[in-house]
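J.: Following is a predicted model, sequence given first.
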Amino acid sequence: MSLGKIPYPVLSDFEPKGAVTKAYGVYNDENGVPKRSVVIVDKEGIVRQVHFYGPGMLPEPAEILEEVKAL
C-alpha cells in the first residue's frame, strides 16, 4: 500500500490476539479489539505519534502525510 508516493506496510494483529496493538498502546481491553488508530513510526522504528479515531471518525490523509514528511 502507499500514502501518496510513500509506501507503508499494513499490519494484521490476529494471533496472539492483540499482541501488537497492546505493545503500541492502542488495544481496547473493554471491547477486546484495537482502537481505531494511526501509529507513525520513524525509520529507526521509534513511535513518533499515535492518533486515535472514535466511531465514525476517519484520519485525514493530508494531515498524516505532513506529519510523516516532517520526520
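T.: Looks like it came in fine. Numbers count the residues shown, from 1 in each chain.
J.: For the longest helix seen in the chain, which helices and strands make contact with it?
T.: Criterion DSSP state H: the longest helix present in the chain is helix 61-69. The helices and strands touching helix 61-69, judged by 3 or more CB pairs under 8 Å, 6 or more residues apart in numbering; DSSP states H and E, are strand 2-3, strand 37-41, strand 47-52. For every residue, glycine as well, the C-beta is placed using N, CA and C.
J.: and it, average pLDDT?
T.: In this model, helix 61-69 has a mean pLDDT of 91.
J.: just the angle between it and strand 37-41, please?
T.: With axes from the mean of the first three to the mean of the last three CA atoms, to 10 degrees defining the directions, helix 61-69 sits at 20 degrees from strand 37-41.
J.: Run through who's touching helix 61-69.
T.: 3-4, 6, 38, 40, 48-49, 51 (CB atoms under 8 Å, 6 or more residues apart in numbering).
J.: returning to what we had before: looking at the helices and strands packed on helix 61-69, which is nearest to residue 27?
T.: Closest to residue 27 of the helices and strands packed on helix 61-69 is strand 37-41 (CB to CB; 9.9 Å).
J.: Could you check the angle the closest one makes with strand 47-52?
T.: Using the same axes, to 10 degrees: strand 37-41 against strand 47-52 is 170 degrees.
J.: tell me which residues of strand 37-41 are tucked away?
T.: Buried residues in strand 37-41, counted by 16 or more other CB atoms under 10 Å: 37-38, 40-41.
J.: How about stretch 62-69?
T.: Going by 16+ other CB under 10 Å, stretch 62-69 has these buried residues: 64, 68.
J.: With only the CA atoms kept, save that stretch in PDB.
T.: In PDB, the C-alpha atoms belonging to stretch 62-69 read as follows (Å, rounded to 0.1, in the frame of the first residue of the first chain):
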ATOM      1  CA  ALA A  62      -3.100  15.000   4.100                       C
ATOM      2  CA  GLU A  63      -2.500  15.700   7.800                       C
ATOM      3  CA  ILE A  64      -0.900  12.300   8.300                       C
ATOM      4  CA  LEU A  65       1.300  12.800   5.200                       C
ATOM      5  CA  GLU A  66       2.500  16.100   6.500                       C
ATOM      6  CA  GLU A  67       3.500  14.500   9.800                       C
ATOM      7  CA  VAL A  68       5.400  11.800   8.000                       C
ATOM      8  CA  LYS A  69       7.200  14.300   5.900                       C
END
